[in-house]
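Colleague: Here you go, sequence then predicted model.
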Amino acid sequence: MKSIFKIQKLNSTTSARAGVVQTGHGEVETPFFMPVGTYGAVKTQSSEEIADLPSKILLGNTYHLFLRPGTEILQQAGGLHGFMNWDGAILTDSGGFQIFSLEGFRKITDDGVTFQSHLDGSKHHFTPERIVDIQRIIGSDFMMMLDVCPPGDADNKVWMDALKQTTAWAKRGMEHYRNSEPIYGYHQILLPIVQGGTNSEMRKQSADELVELNAEAYAIGGLAVGEPKPKMLDTVQLMDECLPKEKPRYLMGVGTPADLVRNVARGVDMFDCVMPTRNARNGQLFTANGKINIRNAKFKNDFNCIDDSGISPMSKIYTKSYLHHLFKTEEILGYRIATQQNLKFYVWLMNKMRKEILNESFEKWANDFLMCYEGEKL
């Protein structure tokens, strides 16, 4: 099997690496961040605006797309790419996290999970095989396996049960994937998801069992779900030792700018998080000089541009005073400006890390950035 991943540079003092992932919709340079487009749209942004970030990949959600617009509409449109007019790569989460958050409205068995729609209460049944089939119809370049995602404060029994079920489903999902074909004529990549909470022995067991599947890429799940930050970082560090070095690693649902830097240093290549878009709509902006809350009264008379770094063109055109006014009056333009700023910042941050890795200056740059943003080093 030809590798989808080429490592171009390994940092000599950390586990950070710069590479290229080959997808059915072109090459994506690593490390990279995926804007979250749960329903096939990144909130307040068009596909053209996301392409201008420049982002070559975004994330959708199988659970939500299955419910709306549904697989019939997506297949008629030629998959999600055609439906939303997006020619970059797409990763779809299996929906496992959303399903397992429906406590009281879902039932897990060895066969799969039965759940009630949060929209109309209708019942549905997902198996590992069906999740692959649905994502074949969606046409995502990266497809996530069905897994059990327990909370970060669960006990060892809950974590072990989730681990065992996730491994069993992963074996079935991989077998079905290898016995099925893409619908739209390009290669799709199926990722197993390592579970085990923050228990190091369980995490190693999960990774070892999933590595036997010889997947093209691996995901680290079950983090950023309430566990202490040091525990998350220790777990990712362990995964750097357990997962194949020559294959891309995806840390699901993480996180803050500092989280991205610290986890790139621990060998992670792929990230997603709702933080840049969600926080933007709540008035928090990420800039080259730190975070600002544009709703604060001190910005009412601040006629300096939003961010003078040039990361986002909009943020050099408009003033903090004007954006403060837009949020106070709940104008949609304010949410659009803030969202574009945050997404531009996240993509800039990933590209900046890539350049520093290639220049063999990553560790010094990372420590300087973290001291500015959080007052702590790697």
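Modeller: Happy to help now that I have it.

Colleague: ok, residues contacting the helix or strand of the chain with the lowest mean pLDDT?
Modeller: One helix or strand of the chain scores below all others by mean pLDDT, DSSP states H and E: helix 96-100, with a mean of 77. Counting by CB atoms under 8 Å, 6 or more residues apart in numbering, the neighbours of helix 96-100 from elsewhere in the structure are 61, 63-64, 106, 108, 113, 115, 126, 144, 146-150, 193, 221, 253. Glycine gets a C-beta too; all of them are placed from N, C-alpha and C.

Colleague: Any buried residues in stretch 107-119, and which?
Modeller: When neighbours are counted by 16 or more other CB atoms under 10 Å, the buried residues of stretch 107-119 are found to be Gly112, Val113, Thr114, Phe115, Gln116.

Colleague: Point out where the stretch 1-150 of the chain drops to low pLDDT.
Modeller: In the predicted model, the stretch 1-150 of the chain carries no residue with pLDDT under 70.

Colleague: gap between Ser175 and Pro244?
Modeller: For the record, residue 175 is Glu, not Ser. For Glu175, the distance to Pro244 (CB to CB, to the nearest Å) stands at 20 Å.

Colleague: so what's the backbone phi/psi at Pro192?
Modeller: In terms of degrees, to the nearest 10, the main-chain angles of Pro192 are phi -70, psi 160.

Colleague: Might one say that it is in contact with Arg172?
Modeller: No - under the criterion of CB atoms under 8 Å, Pro192 is not in contact with Arg172, lying 11.3 Å apart.

Colleague: These two: who's more crowded?
Modeller: Summary of the neighbour comparison: Pro192 and Arg172, criterion other CB atoms under 10 Å, with Pro192 having more neighbours (27 against 18).

Colleague: Let me know the pLDDT of that one.
Modeller: The predicted structure scores Pro192 at 98 on the pLDDT scale.

Colleague: Contact partners for it?
Modeller: By CB under 8 Å, 6+ apart, the neighbours of Pro192 are Met145, Asp147, Ala170, Gly173, Met174, Leu210, Leu213, Ala215, Tyr218, Ala219.

Colleague: again, only using 7 Å
Modeller: Counting by CB atoms under 7 Å, 6 or more residues apart in numbering, Pro192 touches Met145, Ala170, Leu210, Leu213, Ala215, Tyr218, Ala219.

Colleague: Same list, these, but as a markdown table with neighbour count, secondary structure and distance to Asn304 please.
Modeller: A markdown table is the format used below for the contacts of Pro192 (neighbours: other CB atoms under 10 Å; DSSP: H, G, I helix; E, B strand; the rest coil; distance: CB to CB, whole Å):
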| residue | neighbour count | secondary structure | distance to Asn304 |
| --- | --- | --- | --- |
| Met145 | 27 | coil | 48 |
| Ala170 | 26 | helix | 51 |
| Leu210 | 26 | helix | 50 |
| Leu213 | 18 | coil | 53 |
| Ala215 | 19 | coil | 49 |
| Tyr218 | 22 | strand | 44 |
| Ala219 | 27 | strand | 41 |
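
Colleague: among these, which two are most distant?
Modeller: Every pair in the contacts of Pro192 was compared (CB to CB); the two farthest apart turn out to be Leu213 and Ala219, at 12.3 Å.
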